[in-house]
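Asker: Predicted model and sequence below, questions to follow.
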Amino acid sequence: MSAPEAIDLAEKFAAFSEHWRPKIAAQLNGQDVRLVKTKGLFPWHRHADAEEMFLCFAGRFRVEFRDRVVELEPGQMVVVPRGVEHRTGSDEEAQVLIFEPSEVVNTGDSPPSRFTAPSGVRV
């Protein structure tokens, strides 16, 4: 195993431009630390067997539930419980870290679409 090195998040985010296509920045304990740029709205979906943690790195990001909206500023996070329907969005571009099990498909139980990201893509 190689020696751990610091991961520069700003550098990693600067390495890609597309929205809604998470990239793996690190892996640990069967989890991915995914980086994603957002703009607009993501489809409603749920993950039956996994929680997701969203950490806003830059911009303003929101997680919408059927009964409320959680607005995140840089440095704020929210955990979506397993099985809870949600969608995410941002009016302007936001940069977000997502922590979730490696096997999780980003669109959950919604049908495959242009939002469905390929798995295993690293940045």
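Answerer: Received it, and whenever you're ready, just let me know what you need. Residues are numbered from 1 along each chain as shown.
Asker: can we go C-alpha only for contacts and neighbour counts from here?
Answerer: Fine.
Asker: Against D49, how distant is G83?
Answerer: According to C-alpha to C-alpha, to the nearest Å, G83 stands 7 Å off from D49.
Asker: And the residue positioned nearest the centre of the chain, which helix or strand is it part of?
Answerer: Computing the C-alpha centroid of the chain and ranking residues by C-alpha atoms, centre = their mean puts I98 first, at 3.7 Å. Element membership for I98, per DSSP states H and E: strand 87-101.
Asker: what comes up buried for that strand?
Answerer: Judged by neighbour count (16 or more other C-alpha atoms under 10 Å), strand 87-101 contains these buried residues: 87-90, 93-101.
Asker: And the furthest pair within those?
Answerer: E93 and P101 (24.8 Å; C-alpha to C-alpha).
Asker: returning to what we had before: who has more neighbours out of G83 and D49?
Answerer: A side-by-side neighbour count of G83 and D49, using other C-alpha atoms under 10 Å, places G83 first with 15 against 11.
Asker: wait, isn't that one in contact with H45?
Answerer: No: if you go by C-alpha atoms under 8 Å, G83 and H45 don't touch, sitting 9.1 Å apart.
Asker: How much space separates V79 from G30?
Answerer: For V79 relative to G30 (C-alpha to C-alpha), the value is 17 Å.
Asker: These two: who's more crowded?
Answerer: Higher neighbour count among V79 and G30: V79, with 13 against 9, using other C-alpha under 10 Å.
Asker: How much space separates that one from F65?
Answerer: For V79 relative to F65 (C-alpha to C-alpha), the value is 12 Å.
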